[in-house]
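*Asks:* Next come a sequence and a model predicted from it.
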Amino acid sequence: MEIQGSKTALGCTQPIKTSRRIVLFPLPFQGHINPMLQLANILHTQGFKITIIHAEYNSPNPSNYPHFIFKSIKDRFSEIADQLGTNKDPSYFVRYLNKSCVEPFKECLARLLAESDTDLVACVITDAGFYFTQAVADDLKIPRMVLRTSSLGCVLAYDALPFYSKKDCFNLTKEASEYCNRGRVVKWSPQQEVLAHSATGCFWTHNGWNSTLESICEGVPMICSPNFADQPVNARYVTDVWKIGVMLENGFEMKEIEMAIRRIMTEKEGEEMNERISCLKKKLNISLNEGGSSNESLQNLVHYISSL
């Protein structure tokens, strides 16, 4: 797992001698795939063999991970993929995948367990959103762990707030108006590399947890435009708790965008945000160093999986 501005997590620890395999299964959305592959890399550096079961939709490129084995399963997501731009309820797509992937996942995992190194499979790690996988794991008698890709603060908010009690209750972003100005629009860019560049002064983000973490890792204050799911909660932490960003309260109103950029880039408030986020960046890097809280948690995870 590479955190920009920090060494590889657990990079200084001695790998455990093991021939055991871990099977991982991410939701097929980038904010879920990236953390799962990062976790897979950490576990691989600790001596575990890695197999990734993945849906056909948005499948990872195996050539980028030659040290992993990839197994693709049918997901039928193409039948509803055209709704991604119009359906603002993310739970709809998660519920669909939790039905369409049941049999393909079970058959794939059963085949893996039936191979000659059956006793070497330590556990299966699935995205928390794939809730159907617990029943499959129980049926196949294999330990299951989950990876939740949202922040702890968001988990606490889920427990306290009546989420989804009303339709689109967390779709907080108004319809965007298109306009032309100075700038450049590209289909894709290496986000971590852009954030790490010295010319980057602020980051306009929807505040998915990956993007929020990456911005903190590089010490870049944020302009927040959350949309759904965990994004509004993350954005409120950024603006109201940690005070390292500015919320666009009225969607994409030109004047407000200009003011947000000025607040971060030219005003005293922006200097204070830079100081606070630099402090958070240092704390994050310390947590990943030997003896740090994140480092120790990862080591505990490795030892626990080895004990299964």
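*Replies:* Good, I have the coordinates. Residues are numbered from 1 along each chain as shown.

*Asks:* How far away from the center of its chain is stretch 88-98?
*Replies:* 17 Å (Cα atoms, centre = their mean, to the nearest Å).

*Asks:* Tell me the buried residues in stretch 221-236?
*Replies:* For stretch 221-236, burial by neighbour count (16 or more other Cβ atoms under 10 Å) applies to 221-236. (Each C-beta comes from the backbone N, C-alpha and C, glycine too.)

*Asks:* An error on my part: the question was meant for stretch 73-91.
*Replies:* 73, 75-77, 89-90.

*Asks:* And for stretch 184-192?
*Replies:* By neighbour count on 16+ other Cβ under 10 Å, the buried set for stretch 184-192 is 191-192.

*Asks:* And it, end to end?
*Replies:* By Cα to Cα, to the nearest Å, the extent of stretch 184-192 from end to end equals 18 Å.

*Asks:* List the contacts of it.
*Replies:* 4, 211, 214, 217-218 (Cβ atoms under 8 Å, 6 or more residues apart in numbering).

*Asks:* Put the buried members of those residues into a ChimeraX selection.
*Replies:* The ChimeraX command for the buried members of the contacts of stretch 184-192 (criterion: 16+ other Cβ under 10 Å) is given here:
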select :211,214,217,218
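
*Asks:* just checking, which of the contacts of stretch 184-192 belong to helices?
*Replies:* 211, 214, 217 (DSSP state H).

*Asks:* The first one contacts residue 205, doesn't it?
*Replies:* Spelled out, it's residue 211. Yes: using Cβ atoms under 8 Å as the test, residue 211 is close enough to residue 205 to be in contact (4.7 Å).

*Asks:* Show me the common contact partners of these two, please.
*Replies:* Listed as contacting both residue 211 and residue 205 by Cβ under 8 Å, 6+ apart is no residue at all.

*Asks:* where in this protein is pLDDT low?
*Replies:* Applying pLDDT under 70 to the chain flags residues 1-18, 116-119, 158-183.

*Asks:* the helices in it, which residues?
*Replies:* Under DSSP H, the chain gives helices at 30-45, 90-100, 102-114, 133-140, 152-160, 191-196, 209-217, 231-236, 254-265, 268-288, 293-307.

*Asks:* just to revisit the earlier point, okay if I get the contacts of stretch 184-192 as JSON lines plus distance to residue 81?
*Replies:* Listed next are the contacts of stretch 184-192 as JSON lines, based on distance: Cβ to Cβ, whole Å:
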{"residue": "4", "distance to residue 81": "31"}
{"residue": "211", "distance to residue 81": "23"}
{"residue": "214", "distance to residue 81": "26"}
{"residue": "217", "distance to residue 81": "31"}
{"residue": "218", "distance to residue 81": "32"}
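
*Asks:* which of the contacts of stretch 184-192 sit farthest apart?
*Replies:* Farthest-apart pair in those is 4 and 211; separation 12.5 Å (Cβ to Cβ).

*Asks:* and this structure, what are its domains?
*Replies:* 21-149, 154-285 (automatic domain parsing).

*Asks:* surely residue 54 meets residue 73?
*Replies:* Yes: the criterion here is Cβ under 8 Å, and residue 54 meets it with residue 73 at 7.3 Å.

*Asks:* sorry, back to before: can you redo the domains of the chain as a markdown table with distance to residue 303?
*Replies:* Listed next are the domains of the chain as a markdown table, based on distance: least, Cβ to Cβ, whole Å:
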| stretch | distance to residue 303 |
| --- | --- |
| domain 21-149 | 9 |
| domain 154-285 | 23 |
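
*Asks:* burial of residue 199, as a residue count?
*Replies:* The local packing of residue 199 (other Cβ atoms under 10 Å) involves 5 other residues.

*Asks:* how much space is there between it and residue 217?
*Replies:* To residue 217, residue 199 is 17 Å away according to Cβ to Cβ, to the nearest Å.

*Asks:* How many neighbouring residues does residue 220 have?
*Replies:* 25.

*Asks:* Contact partners for it?
*Replies:* Residue 220 touches 195, 200-203, 277, counting by Cβ under 8 Å, 6+ apart.

*Asks:* now residue 106
*Replies:* So, once contact is read as Cβ under 8 Å, 6+ apart, residue 106 ends up touching 136, 139-140.

*Asks:* Going through these, which ones are buried?
*Replies:* Here, 16+ other Cβ under 10 Å leaves 136, 140 buried among the contacts of residue 106.

*Asks:* Out of the contacts of residue 106, the closest to residue 120 would be?
*Replies:* The closest of the contacts of residue 106 to residue 120 turns out to be residue 140 (Cβ to Cβ; 14.9 Å).

*Asks:* For the closest one, give me its contacts.
*Replies:* For residue 140, the contacting residues are 106, 109-110, 113, by Cβ under 8 Å, 6+ apart.

*Asks:* Columns distance to residue 284 on top of those residues, output as TSV?
*Replies:* TSV is the format used below for the contacts of residue 140 (distance: Cβ to Cβ, whole Å):
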residue	distance to residue 284
106	38
109	35
110	40
113	38
